[in-house]
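**Student:** Okay, structure incoming, though there's no sequence with it:
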């Protein structure tokens, strides 16, 4: 059982029941990361269904020509094998009491306590702690404390660096070289097999409270320190384990193996001097700073709301390398092997808005990653016989291009693997990137970014859409045929509304840029004229936009998700809609059959209406919400938050709160199977968007920010800081008032409930109103 | 505890106590193999320290440029995950009663029975059986029977093909393609990453006694059948799992992937029809035939002697692919990852004699492997600036050449990996191969083999030794400097007696061949004159042999193991000599220090006196036995059997029996750490040699076989079949008589107690004598 209400309320997640079958859940949700690396919360002792993962962002490798590149699982430092009187410590046997495994979001420390009685009757108290430092991103530090309660014990601890890891069987690393430094530091230096990334792992132990014999043991791919000795009843042995990872993909690397070794050795020497407590306290200080700026305060009748939002913010901080524009954000962040560390549209449409509103520099860094990835996007366009830049559905290292796997699970009927079509025909991502560029630009006025990166992305993606559009002679219009929209239960569809609308906006942004460039970004224009074929681009865009097909709501006000959707077969979906797991419809139907049923995996048209609410009337949005929600199984983690957002914007706050609660549960809910392969990183952004764009009611239209809060009745206060046009603003809303305070040093313009407001530095405005914007 | 005395006595090994910490011991010693493949006896349910291994001979692959080639661990089919009321079945928890895990040598079936009570109080009887078929070498068949004793249960079984295997972390296989055939057969087709061996694994289940729902589940590198349902109290569910391996290295393969799939599908279809019982009975018939010919009967006061010898014969049958001259025998046979499946001198000096005396065709096949490996041996000679053929210390696939790893464990003092020198300077193996060729030829008169292979091996290895010999100008003699002899505790030694003597014999055999060739093997001579530079070889050999340094016993009759040995420091070895584990001396001394201590790892000079007893007086042999045995730690599994052999030949039968008992324990003794990485295949041959060449007293000198039995007092009868000059002979000895019966169809000549005897077909001779050739 996961406990949400432990002191300090709103900060602690606890598992109070050991069950080796639910290990993957807690390995994932208690995973620790700092943007540079992520370490799964595998327990120190081993279990049959454990998955130990350590990832360093950007170290992508392709294990074999039959596979796609992925983020390799690096040698493990979390394992500490403990033997008591020669019996292996494991909670699978013996007697287990007072178990507590906790993640404290405030300082990002994971701790564990247990009283364990071995098969020969020795009772011990054993405590563990672990952090992945936010102060020094290379460091992992942990400790174990063992106190025999009722008798003396013989103890043996085997702990070190274990390179016998893989990504579910695929090995990315060479065997590597191992060496003992200064009689105490274990070093393993390895490299990725294809991308030749150099990786150094260093590890050292500090033993306190007992004299143990030390023996270093090298075996294939492993380097272990063995400690042996005795502990008397009542005494406490404390062993600290400090490890660090350095790679040649590090931003500060000179790409040599000597460099990773040297930096690693300096790091481990310093960390050894500091010890766990000092390392942990420096990291906790860094987290304190983070929370001071980024905490979103939710006063709810259910404190789980606050906890879930903080959990999202904890993950949103850990998943991003804020100063490195060569790396994206993985769909499972750095918490598991799922989706191979690849970046999807999730980043732009679900995660990036959070950074845009809280740390625009980070948003820009993520967009620079897309700019740096243009070579891969052009490669993909070319290999598909299109022009310009066609962004990969799945992205890894900058020039990798498309890295979506080609084959998925078996079709139950034919016995053959089914092809994965997203990499081939899920095309909206290119426009999603362009959309993000424009939203970022309009919310920051960052001309420098536009000159360096933004214009090139917008123009080259527009070139792609022009080449991609299918001209329908009969109807004299441009259509987009044969795609997958956001709803991945529908393959090979024509004129997916979401895709058509956002691609149109992509053209629109490019057209605007072409107008601005001669005035503002002349050098860029001259450069791009040389690099890209854009001399006639403005005319081309005008021609195509004039005949672009934007589907319109039908006589029932329903905007067709695609040309075919409204004619599909209807079935009773209730059986699948209220299942605790996802994808249960596949137990009854094959993919081909589902393609022909009026059922959606996730928000699609609803997503469109979230990002372009101003393009549709409230009535149309409301009817479409009702229609599509009824046909949506929410089998994607991107779905509930999106529905919550639109419901809230429509003033259906009670329904929105229900959706928020579902979104809240996606990873940290009680479903023990939800997160085996990692957290849902987009869902973290989705939860934040639901609160910020939904309940707080922020909505951007070009360079204007509209604010129209709609607080759920369960919440009495929502408060957070956001940044608009470079100016930080503190926002607070209750059922009685909304307060906006300019906490920056320039004037900022906002539209509160439709009316423009200018806030001078330090100015605070309180809008009082007896609002009842929730349904009772 | 291992039990040796279960009914039927002399056939059954049993582990009656489950302990997850000793799993590797039983995985190894209960491993099943049929020459083509070997499968470790990993339990069906998973444990933390399990090692699941399935090997197919000859499928060598080099995982990475930093490693050496090795026999890859193939996708596993032994795992069957069982869930009772959603609780994972594991003997690590719940209550375990009446545990019995058995290997029956008679039919090579491994069975397991247990009564297990789950944490919610459900008691079950669970039985397992498994065979690796000797009748169809591609087949592995197993079953599981589950009987709920006290309540109905919900059951879930996940079983299939698991490709998430590796060799201690190194992955040799691509992810592979998976497909379901005929709605029931799971197929995984993969290939080795470097050697591009195609591998098809097929697997099918038969469910009896319950109706279970079937769902095939594909995941990365795995293809699993999930069965779910209920079993009522008292009913028995039986699930049979039948699997097969086919590779493009199979002797019948046409090297295409289609071929491995086609043969696999045919095999699994047939096996599915047959079912476990039929498959097991066909295999048992094949084992029956084996035992009828190859059983060695030992009537001892301790039936463990009989069991241990049968165990050796069980392994000697399983480790060799009798009809494939492209593969050698691994130092751990097909039972574990140790020594990477490589062949050492172990084959020629410890294992091959067994086949020479029991199945000469197999001995020839193994020597043909060395002949086919000549390209690798020449490559090694050339890269070391020698001429001719220099056999690799470790051999894998035919043209691999030397595959000894370059680096071993860390030096505790310097922290650096220590180089492995055997591949560089353990040179006697080349002469060991030549020795075997000559012994085989002289015991069979196989002129065809000599013409095809033997001559070429002997001449090209002689060319090597001539180029290898170091001419000592001062003493006007040829020496061999800077080698490792059989005793690997002594590196960089000069004039290792064993090496010098056997290299001299290599020259001697080549010289004899050169004399014979013009008469007997003229075509071969003409061919080899073209291929090799042998025009002046006879003269060269004569010159070098004339000045070859053969160390002589000193004034104390001690033959120096090498130039330095008798001057080394003496220390008290008793601390290390009587340790249950091996290599305990390394806890006190580093390799450099041990190199300077008068201590041997294993038989070295004693080994020389075993194979060349006729070159030394009995007195010299006796004194050297005493001297070297006192300085030997028997830290190699090659040691005890060798000492036992010489002790027996010297008439010191009681001592010989003690040595036999030690040799008997090497794998199947009670030391639970002895065999984690596989059995000691040479030790199986060593035990057989100890009985055959020791107690039965067979000794070959050129083309004569001397027989002089010396039965230990603990044994009252020793009987077995052997083959001499193509004629099978049944040998039986007791303390009252020895009987020799010609069971072939031609006359055979033997020397019994020094006197020549001719036995006509079916003739039986009984030598009666009140012998007391044992020390009382």
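**Tutor:** That came in fine, so what should we check first? As the structure is a computational prediction, the values presented were derived from the model and not from experiment.
**Student:** okay, how far is it across stretch A:466-482, tip to tip?
**Tutor:** From its first residue to its last, stretch A:466-482 covers 16 Å (C-alpha to C-alpha, to the nearest Å).
**Student:** ok, which residues in the stretch 1-150 of chain A are in contact with chain B?
**Tutor:** A:20-21, A:46-49, A:63-67, A:86-88, A:90, A:92-93 (C-beta under 8 Å from any C-beta of the partner chain). (Glycine included, C-beta is placed from N, CA and C.)
**Student:** just the buried members of these?
**Tutor:** Taking 16 or more other C-beta atoms under 10 Å in any protein chain shown as the criterion, what is buried in those is A:20, A:46-48, A:63-64, A:66-67, A:87-88, A:90, A:92-93.
**Student:** State the pair within those residues that is farthest apart.
**Tutor:** A:66 and A:87 (42.9 Å; C-beta to C-beta).
**Student:** tell me which strands and helices the longest helix along chain A is in contact with?
**Tutor:** As assigned by DSSP state H, the longest helix anywhere in chain A is helix A:257-294. The criterion is 3 or more C-beta pairs under 8 Å, 6 or more residues apart in numbering or on different chains; DSSP states H and E, and the helices and strands that helix A:257-294 contacts are strand A:123-132, strand A:139-148, strand A:185-191, strand A:198-208, strand A:237-247, helix A:303-318.
**Student:** Mind telling me what element residue A:656 is part of?
**Tutor:** If you go by DSSP states H and E, residue A:656 is part of helix A:653-668.
**Student:** Report pLDDT for residue A:410.
**Tutor:** Turning to residue A:410, the model gives it a pLDDT of 70.
**Student:** That one: how many residues sit nearby?
**Tutor:** Other residues near residue A:410 come to 19 when the count uses other C-beta atoms under 10 Å in any protein chain shown.
**Student:** Dihedrals phi and psi, it?
**Tutor:** Note on residue A:410: its backbone torsions stand at phi -80, psi 140 [degrees, to the nearest 10].
**Student:** Which residues lie in contact with the closest residue to it other than its chain neighbours in this structure?
**Tutor:** The shortest distance from residue A:410 to any non-neighbouring residue, by C-beta to C-beta, 6 or more residues apart in numbering or on different chains, is to residue B:218 (4.4 Å). Going by C-beta atoms under 8 Å, 6 or more residues apart in numbering or on different chains, residue B:218 touches A:409, A:410, A:417, B:178, B:224.
**Student:** and what of residue A:441?
**Tutor:** By C-beta under 8 Å, 6+ apart, the neighbours of residue A:441 are A:449, A:450, A:454.
**Student:** does the first one count as helix, strand or coil?
**Tutor:** Applying DSSP: H, G, I helix; E, B strand; the rest coil to residue A:449 yields a three-state assignment of helix.
**Student:** For it, give me the pLDDT.
**Tutor:** For residue A:449, the model assigns a pLDDT of 98.
**Student:** Below-threshold pLDDT in chain A: ranges please.
**Tutor:** Confidence mapping of chain A against pLDDT under 70 gives the ranges A:412-413, A:770-776.
**Student:** So for it, which residue is the most central one in space?
**Tutor:** residue A:681 (2.5 Å; C-alpha atoms, centre = their mean).
**Student:** Verify the contact between that one and residue A:317 for me.
**Tutor:** No. Residue A:681 is not in contact with residue A:317 according to C-beta atoms under 8 Å; the separation is 11.7 Å.
**Student:** Give me the common contacts of the two.
**Tutor:** Common neighbours of residue A:681 and residue A:317, counting by C-beta under 8 Å, 6+ apart, are absent.
**Student:** Spell out which parts of the stretch 201-350 of chain A neighbour chain B.
**Tutor:** Checking the stretch 201-350 of chain A against chain B by C-beta under 8 Å from any C-beta, the hits are A:215, A:216, A:217, A:218, A:219, A:220, A:221, A:222, A:223.
**Student:** switch the cut-off to 7 Å
**Tutor:** Residues of the stretch 201-350 of chain A found near chain B (C-beta under 7 Å from any C-beta of the partner chain) are A:216, A:218, A:220, A:221.
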